[in-house]
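Chemist: My questions concern the predicted model and sequence given below.
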Amino acid sequence: MSKDENAVFVGRRPTMNYVMATMMILNKGVECTVKARGRAISHAVDVCEILRNRFLKGTEYKDIQLSTEQLEGEKIIGKSL
């Protein structure tokens, strides 16, 4: 299995959709990664806390990582902003 098969990418859908998707992966007996960007990060935290406190009691976080990516923008040539 690739690493992305065991990842849940949190976005705008209802929280319980992500909770169920994560729980299905964890019930297979493999580790699951919950990923989010921007404003969805707090939503991802909610997903993990719901799992840990309501559905899979005793589950612990293996690792929490925060990172930043620098995106290269297009260069504007000949224009002043």
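Modeler: All right, it came through fine.
Chemist: Can you mark which positions in stretch 8-28 are buried?
Modeler: For stretch 8-28, the neighbour count (16 or more other C-beta atoms under 10 Å) marks 8, 10, 18, 19, 21, 22, 23, 25, 26 as buried. For glycine as for every other residue, the C-beta is placed from the backbone atoms N, C-alpha and C.
Chemist: In TSV, list those residues along with secondary structure, distance to residue 46 and pLDDT.
Modeler: Listed next are those as TSV, based on DSSP: H, G, I helix; E, B strand; the rest coil; distance: C-beta to C-beta, whole Å; pLDDT from 0 to 100:
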residue	secondary structure	distance to residue 46	pLDDT
8	strand	13	95
10	coil	9	96
18	helix	9	97
19	helix	9	96
21	helix	14	95
22	helix	12	94
23	helix	14	93
25	helix	17	93
26	helix	17	92
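Chemist: For the residues you listed, which two are the farthest from each other?
Modeler: Farthest-apart pair in the buried residues of stretch 8-28 is 10 and 26; separation 15.2 Å (C-beta to C-beta).
Chemist: rewinding a little: could you point out which of the buried residues of stretch 8-28 is nearest to residue 42?
Modeler: After measuring these against residue 42 - C-beta to C-beta - the closest member comes out as residue 10, at 9.6 Å.
Chemist: Could you report the distance from that closest one to residue 67?
Modeler: 16 Å (C-beta to C-beta, to the nearest Å).
Chemist: Any chance of the backbone angles for residue 12?
Modeler: phi -100, psi -10 (degrees, to the nearest 10).
Chemist: Grab the nearest non-local neighbour of it.
Modeler: residue 40 (7.4 Å; C-beta to C-beta, 6 or more residues apart in numbering).
Chemist: contacting residues for the most centrally placed residue in the chain?
Modeler: By C-alpha atoms, centre = their mean, the chain has its centre lying nearest to residue 35, at 1.9 Å. Neighbouring residues of residue 35 by C-beta atoms under 8 Å, 6 or more residues apart in numbering: 7, 8, 9, 10, 44.
Chemist: Where do the helices of the protein begin and end?
Modeler: Listed in chain order, the helices of the chain (DSSP state H) span 15-27, 40-50.
Chemist: Which of these sits closest to residue 63?
Modeler: Nearest of these (C-beta to C-beta): helix 40-50, 11.8 Å.
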